[in-house]
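Chemist: Here is a sequence with its predicted model. Questions after.
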Amino acid sequence: MTFPIRIKGFTTDVLKWKPWLDVVNVDTATPAQLAALDEMSPQARSSPYFLVLAHQPEILLQRSIAFNAIMFAPGGMPRAERELGATVESRVNGCVYCASVHAQRFEQLAKRDDVISQVFEEPATAGTTPREKAIVEFSIRLGAEPGKVSPDDILALKAVGLGELEILDLIHSVALFAWANRLMLNLGEPVFPETAAS
């Protein structure tokens, strides 16, 4: 049995999320709202976050299509590394909820949590291999200073073995979470389990 990581306000505990806006009522939702929720995932109809976004079903639908394509498409970068990029971006942006969810997904896929502890403690030095360190460093740079990413940053990824499709997948996953974090941070707040809050 593994125990949740709790470092500097970030955690791998399963968190809830409290919206600051009213949510769509599934019982009175329009067909377009229900279709957008279902495109995201089977759990979206019970998620306060997606029920807030469902007020604008066309935007939610396009977001869901993009999210699923970026995070789950076969080929390219391994899914665990996409989740690592998402976790790093969420940590840099201070999005505790997203960092928790995607750290958990990394752990499930990679079967380890060492780099997650490092990302929560100090992202700038995180990584257990040269490839992982390069992924983390690039994710930080792209998230914090997107206008300063240069060909040298891409060459650094290639130097540790990332192919062009993997680099594109990493950029997509980090960019997606630049957007997702801003939605989640400005539409509500994470709710910690009683045991984690103490």
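Modeler: Received the coordinates, thanks. Numbers count the residues shown, from 1 in each chain.
Chemist: which element is Glu89 on?
Modeler: Element membership of Glu89, judged by DSSP states H and E, is helix 79-93.
Chemist: what about that helix, average pLDDT?
Modeler: Taken as a whole, helix 79-93 has a mean pLDDT of 98.
Chemist: Remind me what that helix packs against, helices and strands.
Modeler: In terms of contacts (3 or more CB pairs under 8 Å, 6 or more residues apart in numbering; DSSP states H and E), helix 79-93 is packed against helix 57-72, helix 96-110, helix 114-121, helix 130-144, helix 164-187. Yep, even glycine has a C-beta here, placed from its N, CA and C like the rest.
Chemist: Flag every buried residue along the first one.
Modeler: Applying a neighbour-count criterion of 16 or more other CB atoms under 10 Å, one finds Pro57, Leu60, Leu61, Arg63, Ser64, Phe67, Ile70, Met71 buried in helix 57-72.
Chemist: now for it, which elements pack on it?
Modeler: So helix 57-72, by 3+ CB pairs under 8 Å, 6+ apart, packs with helix 31-40, helix 48-53, helix 79-93, helix 164-187.
Chemist: per-domain residue ranges of this protein.
Modeler: Domain segmentation of the chain under automatic domain parsing yields 14-72, 76-186.
Chemist: Show me the one of those domains that comes nearest Glu194.
Modeler: Among these, domain 14-72 comes nearest to Glu194, with 11.3 Å by CB to CB.
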